[in-house]
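1. predicted structure and sequence below. I'll ask about it afterward.
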Amino acid sequence: MGVTSGRARRSHLAMLFAASLCLMVTLAGCGAGAAVSTPPAGHAASIAISNTSTVKVFDPSVGAPLPNDRIVAAYGIVGGGEYNGPASNLQMLDAYLPTLQDLGKQYAALDPTHPVQLALDLVVNVIQQCSQFPKWCASSTDDATIQSYITYCQQHHLLLFFDLQLGVEPVSEAVVDQLQPYLQKYDFTELALDTEFHFPNNPQGYAEAAGYPCCLGWMNASEVNWAINYLAQTSLQYHLPRKVLVIHEWNSAVLPDKDKITLNPNVSVVLQSDGFGFVDNKLGDYQAFVQQDLIEYGGYKLFIPYPGDPDYDIPFQSPQDVMRLFPQPLFVSYQ
């Protein structure tokens with residue numbers, strides 16, 4: 001019994017010793033941890049703060065065309081004729097480029113506070129007869145042709161606006177199915193919506209598109225807002241400069257709920273006064289659509305006189321004439 005009691009006592013003492021040792025190790029470990037986690041002081045603290053402050057948040061306004069610059073664009077419809085605008089094919093565009101460059105210099109001289117960026121306003125989705133294009137009453141440009149324009153813009157430092165007429169195709173489907181890869185990849189690609197040629201994707205809209213030009217198209221604010229939010233998300237996700245959305249308006253009926261268009265700080269929205277004709281009528285449209293009912297920035301379109309084509313401006317306005325508009329347009333295109 002004495003032997004058993006002695007063994008038990010020694011075992012108990014060993015356990016106490018082990019427990020004490022563990023306690024000392026634990027306390028030492030806590031002390032070491034506290035020393036490591038102590039915030040740096042003095043010069044070390046300033047270095048830590050400096051290193052933290054170098055982390056930059058992406059800003060889509062850096063490199064954005066608007067509102068710092070003015071955009072002067074050559075308009076065109078892919079595959080169209082001369083009267084559809086000088087950007088309708090690359091051969092005509094090559095011939096017109098010196099004129100576009102000269103126009104850019106004139107606008108820059110008239111307003112040195114806004115450097116000029118040259119651009120193409122290119123219709124890549126064209127309204128067509130529904131009997132020939134039954135799905136959307138519109139045709140789309142093939143990828144190879146779009147890529148040829150992208151290459152041209154890269155070579156000549158041009159912005160490229162993908163302009164959509166749509167027929168009955170929803171804005172979201174046209175952008176995602178056809179244009180998304182280009183809008184996400186290239187920092188010089190932008191978007192334009194031609195409201196006159198857009199109809200609702202329903203039986204009534206299809207019937208009206210089939211009868212065009214008997215019926216005037218229109219676009220609801222919900223589709224415009226989708227485009228604005230999509231472009232904003234694209235810039236933020238892919239770290240691209242803030243993109244530009246151009247909205248054509250030549251008649252108040254083409255934007256029936258214009259007051260519901262909602263701006264986004266990460267997209268620049270241009271309301272372009274469209275339409276050819278006598279200058280007094282064009283000035284009245286600009287006053288009604290832009291001056292009195294401006295969304296964000298003003299745009300203005302001019303129609304170049306071509307032999308045999310009656311659809312042009314009378315008289316044809318000079319850059320000096322255009323700059324007399326109020327507010328001065330930050331987007332000017334030539335068809």
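-> Done, it's in.
2. residues in contact with stretch 225-239?
-> Contacts with stretch 225-239, where a contact means Cβ atoms under 8 Å, 6 or more residues apart in numbering, come from 58, 60, 171-172, 175, 183-185, 191, 193, 240-243, 245, 260-267, 269. For every residue, glycine as well, the C-beta is placed using N, CA and C.
3. in its sheet, what does the helix or strand where V332 lies sit against?
-> Taking DSSP states H and E as the criterion, V332 maps to strand 331-334. Counting by DSSP bridges, the strands paired with strand 331-334 are strand 70-77 (parallel), strand 297-302 (parallel).
4. show me how far it is from its chain's centre.
-> The chain centre lies 17 Å from the centre of strand 331-334; the measure is Cα atoms, centre = their mean, to the nearest Å.
5. and that strand, average pLDDT?
-> Mean pLDDT, computed over strand 331-334, is 98.
6. contacts for it?
-> 66, 70-75, 85-86, 100, 103, 107, 119, 121, 244, 246, 270, 272, 297-302, 304, 319, 322.
7. please apply the same query to stretch 90-108.
-> 70, 72, 74, 76, 82, 86-87, 114-116, 118, 120, 148-149, 152, 156, 319-320, 322-323, 332, 334.
8. any of those residues buried? List them.
-> Taking 16 or more other Cβ atoms under 10 Å as the criterion, what is buried in these is 70, 72, 74, 76, 82, 86-87, 114, 116, 118, 120, 149, 152, 319, 322-323, 332, 334.
9. buried stuff in stretch 273-289?
-> Those buried within stretch 273-289 under the rule 16+ other Cβ under 10 Å are S273, D274, G275, F276, K282, L283, D285, Y286, F289.
10. farthest pair in those residues?
-> Largest separation among the buried residues of stretch 273-289 by Cβ to Cβ: F276 and F289, giving 14.8 Å.
11. could you pull out the helices in the stretch 201-335 of the chain for me?
-> 203-210, 221-238, 279-286, 319-322 (DSSP state H, counting those that start in this stretch).
12. do the same with the stretch 51-200 of the chain
-> Under DSSP H, counting those that start in this stretch, the stretch 51-200 of the chain gives helices at 90-110, 143-156, 171-174, 180-185.
13. V62 contacts P241, correct?
-> Yes. Assessed by Cβ atoms under 8 Å, V62 is found in contact with P241 at 6.5 Å.
14. pop the domain breakdown of this structure in here.
-> Domains of the chain are assigned by automatic domain parsing as 2-53, 70-334.
15. deepest-packed of the ones you listed, please.
-> domain 70-334 (a mean of 18; mean count of other Cβ atoms under 10 Å).
16. so which of the strands paired with strand 331-334 comes closest to C214?
-> With Cβ to Cβ as the measure, strand 70-77 is the member of the strands paired with strand 331-334 nearest C214 (20.7 Å).
17. got the angle for that closest one vs helix 90-110?
-> Strand 70-77 runs at 160 degrees relative to helix 90-110, counting by axes from the mean of the first three to the mean of the last three Cα atoms, to 10 degrees.
18. pull the distance from strand 70-77 to the chain's centre.
-> 16 Å.
19. kindly report the same for stretch 219-234.
-> 10 Å.
20. next one: stretch 272-286
-> 26 Å.
21. may I have that stretch exported as CSV, CA atoms only?
-> Presented in CSV, the C-alpha positions along stretch 272-286 are these (Å, rounded to 0.1, in the frame of the first residue of the first chain):
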residue,chain,number,x,y,z
GLN,A,272,-28.0,64.3,-80.6
SER,A,273,-30.4,66.5,-82.5
ASP,A,274,-30.8,64.7,-85.8
GLY,A,275,-32.5,65.4,-89.1
PHE,A,276,-31.8,67.2,-92.3
GLY,A,277,-33.4,70.3,-93.9
PHE,A,278,-33.5,74.0,-93.6
VAL,A,279,-31.2,75.5,-91.0
ASP,A,280,-34.0,77.3,-89.2
ASN,A,281,-35.8,74.0,-88.7
LYS,A,282,-32.6,72.4,-87.5
LEU,A,283,-32.0,75.2,-85.0
GLY,A,284,-35.5,74.9,-83.7
ASP,A,285,-35.0,71.2,-83.2
TYR,A,286,-31.8,71.7,-81.3
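22. so what touches it?
-> Contacts for stretch 272-286 (Cβ under 8 Å, 6+ apart): 192, 194, 196, 246-251, 289-290, 298-301, 303, 311-315, 317, 321, 325, 329, 331, 333.
23. what separation is there between L66 and V269?
-> Counting by Cβ to Cβ, to the nearest Å, the separation of L66 from V269 is 9 Å.
24. whoops, I mixed them up, G167
-> G167 is 23 Å from V269, by Cβ to Cβ.
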